[in-house]
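[1] Structure for the following, please:
(one chain, ligands or ions: 2)
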Amino acid sequence: MNSIELKSRAKINLSIDVLGKRQDGYHLVEMIMQTIDLSDVLRIKESDTEDIVIKSNSGDIPLDDNNIVYKAITLLREKFNINKGIEVFIEKNIPVAAGMAGGSSNAAAVLVGLNKVWDLGLSEKELQEIGLALGADVPFCISGGAALAQGIGEELTYIKGLSEDVIILICKPNLFVSTKDVYGGLDLNNIDNRPDNRYLIECLKNKDIKAVAENMVNVLEGVTSNMHSEISEIEKMMIDNNALGAMMSGSGPTVFGLFNNKEDALNAKKELMKKYEQVYLVNSSERGIEVNG
Ligand SMILES: C[C@@](CO)(OP(=O)(O)O)[C@H](O)COP(=O)(O)OP(=O)(O)OC[C@H]1O[C@@H](n2ccc(N)nc2=O)[C@H](O)[C@@H]1O
Ligand SMILES: Nc1ncnc2c1ncn2[C@@H]1O[C@H](COP(=O)(O)OP(=O)(O)O)[C@@H](O)[C@H]1O
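    Ligands and ions are numbered 1, 2, ... in the order given. Sure, this is the predicted structure:
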C-alpha cells in the first residue's frame with residue numbers, strides 16, 4: 001500500500017498591510033511571508049476502506065471533517081473522482097491557532113503528498129490553485145520560502161528571505177484568537193502605520209537584518225494586542241534581551257523576535273519560559289513542504 005511522510009512547516013509574517021476588502025468579506029493584503037524550520041510531520045497512507053481517518057498526538061485539533069487535512073483529502077478525492085481511503089497521522093509541533101499557518105501547512109502537505117501517492121502529476125502551480133479553496137495561506141505553504149503575498153494572500157512574488165543564520169525566537173502565549181475576528185476588528189480607515197514592503201524587500205536582499213527588524217509592521221497587531229496585553233509584554237521582554245526587533249505574526253497571538261546573537265536569544269528564551277510554555281528558537285527555511293526519506 002502506498003504511503004508517504006512529509007514535513008509541514010510553519011510561517012511567520014515579516015509584515016502585513018491590509019489595503020481593502022472584497023465583496024465576499026476577504027481582505028486584500030500585501031505581506032511578506034517567511035517559512036521557518038518549525039514543522040509538523042504528516043504520515044499519510046492508503047487504507048483498504050473508503051474512510052478518511054485522522055489521528056494526532058495533539059488534543060488541540062479536531063479529528064473529524066472539521067480538520068483542514070480532512071477537507072484537503074475530500075477536495076482532491078472529489079476533483080479526481082477517487083474513492084480510496086486515506087489515513088493520516090498528524091504529529092503536531094506547530095502551536096495551534098497561532099498565526100503560524102499550522103493548519104494551512106498541513107493542508108498543503110496533504111496536497112503535495114497525495115499528488116505523489118495517487119500519481120496525479122499536478123505541478124506546484126496547479127496544487128496552489130487547488131489549495132486556495134482551502135485557505136488564503138495554503139498556496140504559500142505549498143511552496144514556502146519567502147514571498148510578497150498580495151490579493152488575499154495567493155498572489156505570490158518570491159523574494160530573498162531571511163538568511164538561515166538569523167535567529168528567530170517564537171513565543172506563543174496561551175490565548176485563542178480567531179483570524180476572522182481579527183480581520184473583522186480592523187478599521188480600514190484608521191491605519192496609521194503601514195509597512196514599507198518595497199524597502200523591506202530591499203533590506204532582505206542586502207542581508208540588512210537590523211533594518212528588516214526595525215521596519216517590520218503588522219497592521220493586524222493593534223487589533224489583537226487591544227484584546228490581549230501579553231503581545232506587547234512579550235515584545236518588550238524580547239527587546240529588553242537585545243532582539244533587533246519583535247512583532248506579532250499573522251493574526252496572532254504568536255510573537256517573534258529577530259536576533260543576530262545566539263547568547264542574547266538564549267537568554268530571552270530562558271526569560272520567556274518562566275511564563276510561557278510554547279517558546280522556540282528557530283531559523284528560516286527555504287521549503288514549506290518536504291518529503292521525508
Ligand atoms: C492573517 C494571516 C496572515 O498570513 O495568517 P494567520 O493568522 O491565519 O496565520 C492570513 O491572512 C490568514 O489566512 P488563512 O488563515 O489561510 O485564512 P482563511 O482560512 O482563508 O480565512 C479565515 C478567515 O480570515 C479572514 N481573512 C483571511 C484572509 C484574508 N486575506 N482576508 C480575510 O478577511 C476571513 O474572514 C476568513 O473567513
Ligand atoms: N490540521 C490542523 N492543524 C491545526 N489547526 C487545525 C487543523 N485542522 C483544523 N484546525 C483548526 O483551525 C484553526 C486555526 O488553526 P491554525 O491553522 O493552527 O491557525 P493559524 O493559521 O492562525 O496559525 C484552529 O481553531 C484549529 O482547531
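[2] so what's M273 up against?
    By Cβ atoms under 8 Å, 6 or more residues apart in numbering, M273 lies in contact with V279. From N, CA and C alone the C-beta is placed, and that goes for glycine too.
[3] Quick check: pLDDT value at it.
    What the model reports as pLDDT for M273 is 98.
[4] Can you report phi and psi for it?
    phi -70, psi -10 (degrees, to the nearest 10).
[5] How much space separates the residue of the chain found nearest ligand 1 from E50?
    With Cβ to the nearest ligand atom, the shortest gap between the chain and ligand 1 falls at G250, namely 2.6 Å. Using Cβ to Cβ, to the nearest Å, G250 is found at 36 Å from E50.
[6] These two: which has the busier surroundings?
    Set G250 next to E50 and count neighbours by other Cβ atoms under 10 Å: G250 wins out with 24 against 11.
[7] Shouldn't that one be within a helix?
    No - looking at G250 with DSSP: H, G, I helix; E, B strand; the rest coil, it is coil, so not inside a helix.
[8] contacting residues for it?
    Counted by Cβ under 8 Å, 6+ apart, G250 has contacts 11-13, 16, 98-101, 179, 218, 220.
[9] Now with 6 Å, please.
    By Cβ atoms under 6 Å, 6 or more residues apart in numbering, the contact list for G250 reads 13, 99.
[10] same question, K71
    K71 sits next to L134 when contact means Cβ under 6 Å, 6+ apart.
[11] so which helix or strand takes in it?
    If you go by DSSP states H and E, K71 is part of helix 68-79.
[12] Pull out the buried positions in that helix.
    With burial defined by 16 or more other Cβ atoms under 10 Å, the residues of helix 68-79 counted as buried are 68-73, 75-77.
[13] Please report phi then psi for I231.
    The phi/psi pair for I231 (degrees, to the nearest 10) reads phi -60, psi -50.
[14] ugh, wrong one, P195
    Phi and psi for P195, reported as degrees, to the nearest 10, are phi -70, psi 150.
[15] Give me the distance between the two termini of stretch 154-162.
    Start and end residues of stretch 154-162 are separated by 21 Å (Cα to Cα, to the nearest Å).
[16] Following the record's annotation, map out the domains of the protein.
    The chain breaks down by automatic domain parsing into domains covering 3-159, 167-282.
[17] and the last one, anywhere near ligand 2?
    Yes - Domain 167-282 is in contact with ligand 2 by Cβ under 6 Å from any ligand atom, via 179, 250-251.
[18] Please pull up the helix or strand immediately following the lengthiest helix in the chain.
    The helix spanning the most residues in the chain, taking DSSP state H as the definition, is helix 102-117. Using DSSP H and E, the helix or strand that follows helix 102-117 in sequence is helix 124-131.
[19] Export that next one to CSV, keeping only CA atoms.
    Extracted as CSV, the C-alpha positions of helix 124-131 are listed here (Å, rounded to 0.1, in the frame of the first residue of the first chain):
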residue,chain,number,x,y,z
GLU,A,124,3.2,23.1,-7.9
LYS,A,125,1.2,25.9,-9.5
GLU,A,126,-1.8,23.6,-10.1
LEU,A,127,-1.6,22.4,-6.5
GLN,A,128,-1.5,26.1,-5.3
GLU,A,129,-4.6,26.8,-7.4
ILE,A,130,-6.5,23.9,-5.9
GLY,A,131,-5.2,24.8,-2.4
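[20] Appreciated, that's everything.
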